[in-house]
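[1] My questions are about this predicted structure, shown below with the sequence.
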Amino acid sequence: MGNVDNNENKDKSFFPPKGMEGRPHDTMVLHIQGLILVLVLIIALASSFSILGRSILSMLMGSVGGEFDSDSMNQVFELAGMGSLFSTGFSIFSFVSKTLGVVSYIAAFVSLGAAIYIIILMKNRVAMILDDPVPFENPIRVKKAAYVWLGFLLGAYGGHLFLLKKKKAWAYLAMGIVGMEIVPLFLYTSGMSFADAFLACFLEKDDEGYIEIEYYPYWI
């Protein structure tokens, strides 16, 4: 009865208790790293799209007449009495465009490097979790392939958690759907689920393809 009551209290908890140590603490850190990784990957993706968009725009401009002929346009604006306005506007546009281009390249490379570094940190944290000699309190046996793929592909909607048959899966599903409008919710479930699936990748499966998962009831 004591273990049942303890598990029920855990399921009702939101944040991990203070002073938590061992594997639960390492799991919390892994989740935080997963959340940071998702944020970094979004920055990398946004930067990549910015670079791609600029490249496509340059190709389109080249296909319809080469480089932008600013002198011809300046003459047109001069005839209209707005030469200085065009000159100022074009200078600002050129400066902003070049600055955004440089920022996009810097952000893409920095975020890529940061993502690699975070993955290394996550791998080290996984090693600490696996090396913990304390037995699982309440291990749950699941198919490794299904858990990993659902975690990576549908984890933002609690896909892998449904295999564990926990109420938390429904909360993730709701946050994932609402997160399509309130992005931070989607980022949260994505980061946590990535960490879960990443950890499962390093758990050894038995002859039937199952692994043992220790359910983590907290919300970070």
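    The structure has been received and is ready for your questions. Residues are numbered from 1 along each chain as shown.
[2] And what about the one residue sitting closest to the centre of the chain, helix, strand or coil?
    Closest residue to the average C-alpha location of the chain: V38 at 1.6 Å, with CA atoms, centre = their mean. Counting by DSSP: H, G, I helix; E, B strand; the rest coil, the backbone at V38 sits in helix.
[3] And the one 10 residues further on, by the same measure?
    When the structure is reduced to helix, strand and coil (three-state DSSP), S48 reads as helix.
[4] Just give the number of residues close to the nearest residue to it once chain neighbours are set aside.
    Closest residue to S48 apart from its sequence neighbours, by CB to CB, 6 or more residues apart in numbering: A108 at 5.7 Å. All C-beta atoms are positioned from the backbone trio N, CA, C, and that covers glycine. A108 is flanked by 19 other residues according to other CB atoms under 10 Å.
[5] does A108 belong to a helix or a strand, and which?
    Element membership of A108 [criterion: DSSP states H and E] is helix 83-131.
[6] ok, now G176?
    helix 168-178.
[7] re the thing from before, what's the residue nearest to the centre of the chain in contact with, if anything?
    L187, S190, G191, F194 (CB atoms under 8 Å, 6 or more residues apart in numbering).
[8] Helices - which of the residues you listed land there?
    L187, S190, G191, F194 (DSSP state H).
[9] Can you read off the backbone torsions of the closest residue to K166 other than its chain neighbours?
    Excluding the flanking residues, the one nearest K166 by CB to CB, 6+ apart is Y215, at 6.5 Å. Main-chain torsions, Y215, degrees, to the nearest 10: phi -60, psi 130.
[10] K165 is in contact with Y215, correct?
    No. Applying CB atoms under 8 Å, one finds Y215 not in contact with K165, separated by 9.8 Å.
[11] which ones are touching I129?
    I129 makes contact with R23, D26, T27, L30, L199, according to CB under 8 Å, 6+ apart.
[12] same check, this time on A44
    Applying CB under 8 Å, 6+ apart, we find A44 in contact with A107, A108, S111, L112, A115.
[13] quick one: which of these is nearest to A46?
    If you rank those by distance to A46 using CB to CB, A107 comes first, at 7.7 Å.
[14] what's around the closest residue to the closest one other than its chain neighbours, how many residues?
    Nearest residue to A107 in three dimensions, chain neighbours excluded: S47, at 4.1 Å (CB to CB, 6+ apart). S47 has 20 neighbours, counted by other CB under 10 Å.
[15] quick one: pLDDT of S47?
    S47 is assigned 82 on the pLDDT scale.
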